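A.B. asks: what follows is a predicted structure for the sequence shown.
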Amino acid sequence: MDERITKEIKIVKAEQKSTQDGKKFMTYKTVDKKGRLMDCKFRREVTNSPTDPCILVVPEDNCSVDKNRQFPVLWIGEILEIKPYAQQASNLSEYFD
């Protein structure tokens, strides 16, 4: 049996925006292994794109990073599983009353 190599991609920001024409679309941000934010986009064949921050399990062979832009973009072609991602609460209470 041939197992596909998978990666877990953490979507830390999922936001709905609209164009000047009023068409709505989603924007996504992920974090790379060095802790930098990166845009994340989905190919047309992906029908189950998330609407909230989550963890995506994706096949490594169906993802790529576009470096031909000012900032790199992660393109995802298939989502195998969507796991919930609970963002940590603010740690301000440790420092302020």
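C.D. replies: Received it, and whenever you're ready, just let me know what you need. Numbers count the residues shown, from 1 in each chain.
A.B. asks: where exactly do the helices run in this protein?
C.D. replies: Assigned by DSSP state H, the chain shows no helices.
A.B. asks: what's the pLDDT at the residue most central in space within it?
C.D. replies: The chain has Ile11 as the residue nearest its centroid, 3.5 Å off, counting by CA atoms, centre = their mean. Per-residue pLDDT puts Ile11 at 93.
A.B. asks: now the residue nearest to Lys10 when sequence neighbours are not counted, which residues is it bridged with?
C.D. replies: Excluding its sequence neighbours, the residue lying closest to Lys10 (CB to CB, 6 or more residues apart in numbering) is Ile55, at 5.3 Å. Yep, even glycine has a C-beta here, placed from its N, CA and C like the rest. Applying DSSP bridges to Ile55 gives these bridge partners: Lys10, Lys83.
A.B. asks: is it correct that Ile55 is in contact with Glu8?
C.D. replies: Yes - the pair Ile55 and Glu8 qualifies as a contact (CB atoms under 8 Å) at a distance of 5.4 Å.
A.B. asks: which one's more surrounded, those two?
C.D. replies: Higher neighbour count among Ile55 and Glu8: Ile55, with 15 against 11, using other CB atoms under 10 Å.
A.B. asks: quick check: the gap between that one and Thr19.
C.D. replies: Ile55 sits 29 Å away from Thr19, taking CB to CB, to the nearest Å as the criterion.
A.B. asks: which neighbours do Ile55 and Glu8 share?
C.D. replies: Common neighbours of Ile55 and Glu8, using CB atoms under 8 Å, 6 or more residues apart in numbering, are Lys83.
A.B. asks: check contacts around the residue nearest to Lys10.
C.D. replies: Neighbour list for Ile55: Glu8, Ile9, Lys10, Ile11, Ile82, Lys83, Pro84, Tyr85 [criterion: CB under 8 Å, 6+ apart].
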